[in-house]
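S.K.: Kindly generate the corresponding structure for this input.
(chains A, B, C, D, E and F)
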There are 4 protein chains.
Amino acid sequence: MSVTKQRILATAATLFNERGYELVGINELIEKSGVAKATFYQHFRSKEKLCAEWLRQEALASQASSSDLLKLPIPAVEKVAHKFDGLRQFLAESDFRGCCFSNTATVMIQDNEVHQVVRDYKSGSRLFWHAVALQIRPDPSAALLLGDSLFLLFSGAVTEAQNAKALWPVDSAKAAALALCRETVSTLP
Amino acid sequence: MSVTKQRILATAATLFNERGYELVGINELIEKSGVAKATFYQHFRSKEKLCAEWLRQEALASQASSSDLLKLPIPAVEKVAHKFDGLRQFLAESDFRGCCFSNTATVMIQDNEVHQVVRDYKSGSRLFWHAVALQIRPDPSAALLLGDSLFLLFSGAVTEAQNAKALWPVDSAKAAALALCRETVSTLP
Amino acid sequence: MSVTKQRILATAATLFNERGYELVGINELIEKSGVAKATFYQHFRSKEKLCAEWLRQEALASQASSSDLLKLPIPAVEKVAHKFDGLRQFLAESDFRGCCFSNTATVMIQDNEVHQVVRDYKSGSRLFWHAVALQIRPDPSAALLLGDSLFLLFSGAVTEAQNAKALWPVDSAKAAALALCRETVSTLP
Amino acid sequence: MSVTKQRILATAATLFNERGYELVGINELIEKSGVAKATFYQHFRSKEKLCAEWLRQEALASQASSSDLLKLPIPAVEKVAHKFDGLRQFLAESDFRGCCFSNTATVMIQDNEVHQVVRDYKSGSRLFWHAVALQIRPDPSAALLLGDSLFLLFSGAVTEAQNAKALWPVDSAKAAALALCRETVSTLP
DNA sequence: TATGAATGAGTGTTCATTCAT
DNA sequence: CATGAATGAACACTCATTCAT
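M.R.: Sure thing, here's the model as predicted:
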């Protein structure tokens, strides 16, 4: 990937993360990237394609860190805690705008490429939680439910922390997550 | 509120719910409302004000139904189940676009009026879950945590059902919610 | 029709006739019309619609003059001559660019509204020549052929006068047209 | 001429004939030719120069076939008929867009090189019809007029067949042409 | 209260061409 | 002879808002 394309992509990542896809115009994007408009379109066929590429990059980074965490030689429950702690720290430090995947999908019409990227990312994310859950619950069906639960708690925490501009959603989600991990398999009555 | 204003508001509600705030233009809105552009601006000082008013209406409706549910003479756990069942049915029937409050806040710059409306709605929503939780856990601090957990699971279910265009998030969230309700108060070690 | 719309249409007529549809941009059009871009689009939904409306106006003017000529109490052959004389004078005076209908249809993709306008105009034009021919040849089938011949000679004259930037095509076409009019019905051997 | 240049020219011929000069962009042209943009500009100084070269090729091909026809040992009137029959067949078989020379001149500003190419082609074409006419009418001035008439009828047929998307213009033009050929020299009173 | 007309600033995208290598 | 990268200017069009009546 050419250095120019990388620069555009980096600018896009910054701006999109700061304000969201639809509140960032091509004009600002190229200006901040320091390239001509036509140069931009030589590297990205459309704003939408750029968006997809940006989200693919975000997905890669996220998945890499999840994958690393998964392999760590620590108790699985600590991995769960670590995820929420990471989120907490991220929220405290940056002017977080919520989940870029969910947010972007929301402002995209119909079934374009971006939706697929988002779905792929979310599938991968869910898989991660399933994998963690399997290290906690050997029983596959119990692990499936636990994984989904953690995934959804995490998602909810992200959304509502953003809405409330507060950290309690992360703390509560973490507590609930740990509770679900500790829980005896009483879900099967 | 004048009948004209109500008609505009109704049109806005339909369109915003169908496609989201930023994908609905003023032109389409006034055309579908059957009013002149200037008439629109006589009733709403800006698109943003209209948006706020729309969300306030949505909040009122949502809170009313939550309030009704809360007073129902049924076991509290059933109220929890009922909430998720309602969501499930809604998703199955309509072309749902996710939580209109979260979605709209996402595409709004900084701290405008809409963000406050969203925060108010979310606070109210959280309160509802706390109230339900109190009917399950007499202990206030346990109820607080349970309420948050249910709130976040619900939020996550909405978001991820929308992303996945599937119903499993609702089902898993419901299962997790019920599990948390049934759980012995082992969260306090 | 509002005065503004008329002004835009007049500007468009001038520019389109001077340089052709595709060599005139919206920006120049609105600037020369003295209106804002959005004002233009309030009156014409697209450049293409404006084009169609322009051609419809041209068609109306042309058909009116043809209709007048047809009713004139002079020998039909003189009407034929008059048509070619009028073309000659027009070419000599203005910086003619050929037939605006044919030219515009050429640069339009597929079957859009403009093509229909052009076809309608051309049908009307052909009808005029048929009517003239009927005043020369009472026999309907002979009149049909004569009318078509005159129509095609006129069309060819317009095209080739434009290409050659000369008047001989008009003169030759007129001579040929008159010859065909004078001809005994020897076409049926 | 290098093979690369020939390939570009061939691609251009195809695309220009299919959609017209102004609806074919350089980007598509070089992509379909399989050459780099800079390579294109090494062979053709501008899109306009390419256009001129394309039309020169078209002119050569057309003139060659006309020249062949002229030498054929058949009655001259049959040559006239043959020309119109050829046009008819071509129209019926291909998605004809009208005369590429006239069409292209129409979308070109002022007096550039292309206009000269078109004028040259049209002069040659007219000469052909004069030559045919001379084989029909020994009298030079009568032949001149007949040739022009046939030329203009042919031109009109091409234009109007394109506009009407029908074949009647060709049939009528042929009939008129043959009538003019058969006509006694009554045009000289 | 209601309106039709007008607007400046923006949207994303494509154009033919040139540069450095 | 060939190329990938870059460009300024233009493209058609839409935005939310305001003005005069």
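
S.K.: what sits against residue A:165?
M.R.: residue B:119 (Cβ atoms under 8 Å, 6 or more residues apart in numbering or on different chains). Where C-beta positions appear, they are placed from N, C-alpha and C, glycine not excepted.

S.K.: Backbone dihedrals for it, both of them.
M.R.: The phi and psi values for residue A:165, taken as degrees, to the nearest 10, are phi 50, psi 50.

S.K.: Could you measure from it over to residue B:110?
M.R.: Noted for residue A:165: a distance of 11 Å to residue B:110, by Cβ to Cβ, to the nearest Å.

S.K.: Residue A:53 too?
M.R.: 27 Å.

S.K.: what does residue A:138 give?
M.R.: 48 Å.

S.K.: same deal with residue A:1?
M.R.: Distance, residue A:1 to residue B:110, by Cβ to Cβ: 33 Å.

S.K.: go on, residue A:107?
M.R.: Distance, residue A:107 to residue B:110, by Cβ to Cβ: 17 Å.

S.K.: Need the phi and psi values for residue A:135.
M.R.: The phi and psi torsions at residue A:135 (degrees, to the nearest 10) take the values phi -80, psi -10.

S.K.: Repeat that for the one 3 residues further on.
M.R.: Comment: the main-chain dihedrals of residue A:138 come out as phi -70, psi -30, following degrees, to the nearest 10.

S.K.: what number of residues lie near residue A:94?
M.R.: Residues lying near residue A:94 (other Cβ atoms under 10 Å in any protein chain shown) number 10.

S.K.: and for stretch A:30-37, what are the contacting residues?
M.R.: A:4, A:7, A:8, A:11, A:12, A:14, A:15, A:26, A:27, A:39, A:40.

S.K.: Of those, which is the nearest to chain C?
M.R.: residue A:27 (16.5 Å; Cβ to the nearest Cβ).

S.K.: Quick check: closest non-adjacent residue to that closest one.
M.R.: On the basis of Cβ to Cβ, 6 or more residues apart in numbering or on different chains, the spatially nearest residue to residue A:27 that is not a chain neighbour turns out to be residue A:37, at 7.8 Å.

S.K.: now do residue A:5
M.R.: Leaving out its chain neighbours, the residue that sits closest to residue A:5 by Cβ to Cβ, 6+ apart is residue A:43, at 4.4 Å.

S.K.: thought the one you found was touching residue A:2?
M.R.: Yes - A contact is recorded between residue A:43 and residue A:2 when judged using Cβ atoms under 8 Å, the distance being 7.2 Å.

S.K.: Please say which of the two ends up with more neighbours.
M.R.: residue A:43 (19 against 9).

S.K.: can you pull the contacts of the more buried one?
M.R.: Contact analysis of residue A:43 by Cβ under 8 Å, 6+ apart lists A:2, A:4, A:5, A:8.

S.K.: Intersect those with the contacts of DNA strand E.
M.R.: Contacts with DNA strand E within the contacts of residue A:43, as defined by Cβ under 7 Å from any atom of the strand: none are present.

S.K.: Mind giving me the PyMOL command for buried ones among the residues you listed?
M.R.: Here is the PyMOL command that picks out the buried ones among those, judged by 16 or more other Cβ atoms under 10 Å in any protein chain shown:
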select buried, chain A and resi 5+8
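
S.K.: Same list (the contacts of residue A:43) but as a markdown table, adding secondary structure.
M.R.: Conversion of the contacts of residue A:43 to a markdown table gives the following (DSSP: H, G, I helix; E, B strand; the rest coil):
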| residue | secondary structure |
| --- | --- |
| A:2 | coil |
| A:4 | helix |
| A:5 | helix |
| A:8 | helix |
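
S.K.: Quick check: the farthest pair among the contacts of residue A:43?
M.R.: Across the contacts of residue A:43, no pair lies farther apart than A:2 and A:8, at 9.5 Å, counting by Cβ to Cβ.

S.K.: Can you name the residues of chain A that neighbour DNA strand F?
M.R.: By the criterion of Cβ under 7 Å from any atom of the strand, the positions of chain A lying close to DNA strand F are A:2, A:3, A:4, A:5, A:35, A:36, A:37, A:38, A:39, A:42, A:43.

S.K.: Among these, which ones are in strands?
M.R.: Secondary structure defined by DSSP state E assigns none of those to strands.

S.K.: now, among the residues you listed, which is nearest to chain B?
M.R.: residue A:37 (22.9 Å).

S.K.: any chance you could map the helices in chain A?
M.R.: A:3-19, A:26-33, A:37-43, A:47-71, A:76-93, A:100-106, A:113-134, A:140-164, A:168-182 (DSSP state H).

S.K.: Pipe those into TSV and attach mean pLDDT per row.
M.R.: Supplementary listing: those in TSV, determined by pLDDT from 0 to 100:
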stretch	mean pLDDT
helix A:3-19	96
helix A:26-33	97
helix A:37-43	97
helix A:47-71	97
helix A:76-93	96
helix A:100-106	97
helix A:113-134	97
helix A:140-164	97
helix A:168-182	96
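
S.K.: and the ones you listed as JSON lines, adding distance to residue C:126?
M.R.: Compiled in JSON lines, those are given as follows (distance: least, Cβ to Cβ, whole Å):
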{"stretch": "helix A:3-19", "distance to residue C:126": "56"}
{"stretch": "helix A:26-33", "distance to residue C:126": "49"}
{"stretch": "helix A:37-43", "distance to residue C:126": "46"}
{"stretch": "helix A:47-71", "distance to residue C:126": "48"}
{"stretch": "helix A:76-93", "distance to residue C:126": "74"}
{"stretch": "helix A:100-106", "distance to residue C:126": "56"}
{"stretch": "helix A:113-134", "distance to residue C:126": "50"}
{"stretch": "helix A:140-164", "distance to residue C:126": "68"}
{"stretch": "helix A:168-182", "distance to residue C:126": "75"}
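
S.K.: any idea how far residue A:21 is from the residue of chain A found nearest chain D?
M.R.: Scanning chain A for proximity to chain D using Cβ to the nearest Cβ identifies residue A:42 as nearest, at 10.0 Å. Distance of residue A:42 to residue A:21, given as Cβ to Cβ: 21 Å.

S.K.: the more surrounded of these two?
M.R.: Using other Cβ under 10 Å as the criterion, residue A:42 and residue A:21 rank with residue A:21 on top: 26 against 14.

S.K.: How many neighbouring residues does the closest residue to that one other than its chain neighbours have?
M.R.: Sequence neighbours aside, residue A:104 is the residue nearest to residue A:21 in space, at 5.0 Å (criterion: Cβ to Cβ, 6+ apart). The local packing of residue A:104 (other Cβ under 10 Å) involves 23 other residues.

S.K.: Show me the domain layout of chain A.
M.R.: Segmentation of chain A into domains, based on automatic domain parsing, reads A:1-44, A:48-182.

S.K.: Pull the distance from the first one to the chain's centre.
M.R.: In other words, domain A:1-44. The chain centroid and the centroid of domain A:1-44 are separated by 21 Å under Cα atoms, centre = their mean, to the nearest Å.

S.K.: That one spans what distance, first to last residue?
M.R.: Start and end residues of domain A:1-44 are separated by 12 Å (Cα to Cα, to the nearest Å).

S.K.: for the residue sitting nearest the centre point of chain A, what are its contacts?
M.R.: Against the mean C-alpha coordinate of chain A, by Cα atoms, centre = their mean, the closest residue is residue A:99 at 5.4 Å. Residues near residue A:99 by Cβ under 8 Å, 6+ apart: A:155, A:158, A:159, B:159.
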